[in-house]
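In: Pasting a predicted model and its sequence here:
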Amino acid sequence: MTTIKIRAILPTVVGNPKLLEDKLKRIQKNTSQRIRRDFEKTTRTWVKKPKFTVSVKREVNALLVDTGTDDEIYGYVTEGTRPHIIRARNAPRLLFRFPSVAKTQPNVLRSGPGKTGSQWASKLEVHHPGTEARNFHVVIAERFRDNFVEDCNRALREYLQATTRP
């Protein structure tokens, strides 16, 4: 499962915490939607697109944004695979085109057209070299983690300034 969990630790506040709570919920919702859009960018040109889930939660002293997918193929792409052997099972031989160009690149949040090769091969088995991890979840988490905490801190400062004015 490929997921991103972001947590902002919040202090206990005085005054009217409902004002702060509403602001924090907007930040949480906005961040979760932006994270989902980034995940969806990585599969824009895929034929079978995975479904990305978004969960926003409020704990006693923390806000949580949990976004990801349990799609097996997406996991192989974003986390990579080790070298492995592929054998023909449902047919006498494997038949495939080569050379090909991948739709995605490591550490880049987008999906291009890719390319299927023009030459054909027929093999009993193939020694696949493995897939280099695309690290989409790592790139997305790094992109949003600090921003989420900064947005929550800004909201807290604005709330405290508004409630402590004479």
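Out: Yep, it's here. Numbering: from 1, shown residues only.
In: Contacts for the helix or strand where Phe39 lies, please.
Out: Using DSSP states H and E, Phe39 sits in helix 17-41. If you take CB atoms under 8 Å, 6 or more residues apart in numbering as the criterion, helix 17-41 is touched by 4, 6, 8, 10, 13, 49, 52, 54-56, 58, 63, 65, 67-69, 109-111, 136, 140, 143-144, 147-148, 151-152, 155-156, 158-159, 162-163. Yep, even glycine has a C-beta here, placed from its N, CA and C like the rest.
In: Give the buried subset of the residues you listed as a ChimeraX selection command.
Out: Here is the ChimeraX command that picks out the buried ones among these, judged by 16 or more other CB atoms under 10 Å:
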select :4,6,8,10,52,56,63,65,67,68,69,109,111,136,140,144,148,151,152,155,156,159
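In: Report the contact partners of the residue nearest to Arg93 when sequence neighbours are not counted.
Out: Excluding the flanking residues, the one nearest Arg93 by CB to CB, 6 or more residues apart in numbering is Ser122, at 4.9 Å. Residues near Ser122 by CB under 8 Å, 6+ apart: Arg93, Leu94, Leu95.
In: what about Asp146, neighbour count?
Out: 10 (other CB atoms under 10 Å).
In: pLDDT score for it?
Out: Among the per-residue scores, Asp146 holds a pLDDT of 85.
In: For the protein, which segments count as helices?
Out: For the chain, helices defined by DSSP state H occupy the ranges 17-41, 72-79, 136-164.
In: Quick one: closest of these to Ser118.
Out: With respect to Ser118, and counting by CB to CB, the nearest of the helices of the chain is helix 72-79 at 23.8 Å.
In: gap between that closest one and the chain center?
Out: How far helix 72-79 lies from its chain's middle: 11 Å, per CA atoms, centre = their mean, to the nearest Å.
In: Stretch 44-57 too?
Out: 8 Å.
In: what sits up against it?
Out: 25, 28-29, 32-33, 35-36, 39-40, 43, 63-69, 71, 73-74, 103, 110-114.
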